[in-house]
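Engineer: need the 3D shape of this:
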Amino acid sequence: MESHISDIAHVIQLAVAPVFLLTAIATMINAMNTRLGRIVDRRRVIQDRLRDTSAPAHQPTEELEDELRGLQRRSHIIYLGILFLVLSALLVCLVVAGAFVGALISVDLAKAVAVIFVLAMITMIISLGLFLREVYLGVSTGSHIIR
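Structural biologist: Below you'll find the predicted structure:
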């Protein structure tokens, strides 16, 4: 009995780091979600301009349509980034659950937990790469300020 309590106490100590990782992932999801919201808002403004035939044309239609395509691409990249972050969070949760299950039923799940953790890191790396790509596109295309 004492062995199980100390095993579980050790697992709780080990679970602290993944919990901080989950906090970082949630912060990144929030940042990406904010960027996605700004992209959607900008897209609505452009679509309204394209529909409004009574207003004088400040920008050529082709320019607005090009910007819409760029915004669509950026929103797709951000969506994929969020998807990979959520997958990373789920994998981190599986790491914590696997550690507890292994301690509770006295099964060595160390290799499985390690593989799942590596997958969590890979999905987070992919997400960060997508985030960097979207930021680059946002800056390099000179995304217009809402006028």
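
Engineer: can we go C-alpha only for contacts and neighbour counts from here?
Structural biologist: Will do.

Engineer: and the residue nearest the centre of the chain, how far is that from residue 126?
Structural biologist: Of all residues in the chain, the one closest to the mean position by C-alpha atoms, centre = their mean is residue 82, 2.8 Å from it. Here residue 82 is placed at a distance of 10 Å from residue 126 (C-alpha to C-alpha, to the nearest Å).

Engineer: go on, residue 85?
Structural biologist: 9 Å.

Engineer: from what I see, residue 50 and residue 61 are in contact.
Structural biologist: Yes: in this structure residue 50 lies within contact range of residue 61 using C-alpha atoms under 8 Å: 6.9 Å.

Engineer: who has more neighbours, these two?
Structural biologist: For residue 50 and residue 61, the more surrounded residue by other C-alpha atoms under 10 Å is residue 50, and the numbers stand at 17 against 13.

Engineer: for the more buried one, which residues are in contact?
Structural biologist: If you count contacts by C-alpha atoms under 8 Å, 6 or more residues apart in numbering, residue 50 has them with 61, 64.

Engineer: so which strand or helix has it?
Structural biologist: Secondary structure from DSSP states H and E places residue 50 in helix 2-51.

Engineer: next structured bit after that helix?
Structural biologist: Toward the C-terminus from helix 2-51 - assigned by DSSP H and E - lies helix 61-104.

Engineer: and that following helix, what does it pack against?
Structural biologist: Helices and strands in packing contact with helix 61-104 are listed as helix 2-51, helix 110-140; criterion 3 or more C-alpha pairs under 8 Å, 6 or more residues apart in numbering; DSSP states H and E.

Engineer: list the buried residues for the last one?
Structural biologist: For helix 110-140, the neighbour count (16 or more other C-alpha atoms under 10 Å) marks 113, 116-121, 123-128, 130-131, 133-134, 137-138 as buried.

Engineer: mean confidence score for that helix?
Structural biologist: The predicted model assigns helix 110-140 a mean pLDDT of 95.

Engineer: helix 2-51 and that helix, what's the angle between them?
Structural biologist: Our comparison of helix 110-140 with helix 2-51, counting by axes from the mean of the first three to the mean of the last three C-alpha atoms, to 10 degrees, yields an angle of 20 degrees.

Engineer: so how far is helix 110-140 from its chain's centroid?
Structural biologist: 8 Å (C-alpha atoms, centre = their mean, to the nearest Å).
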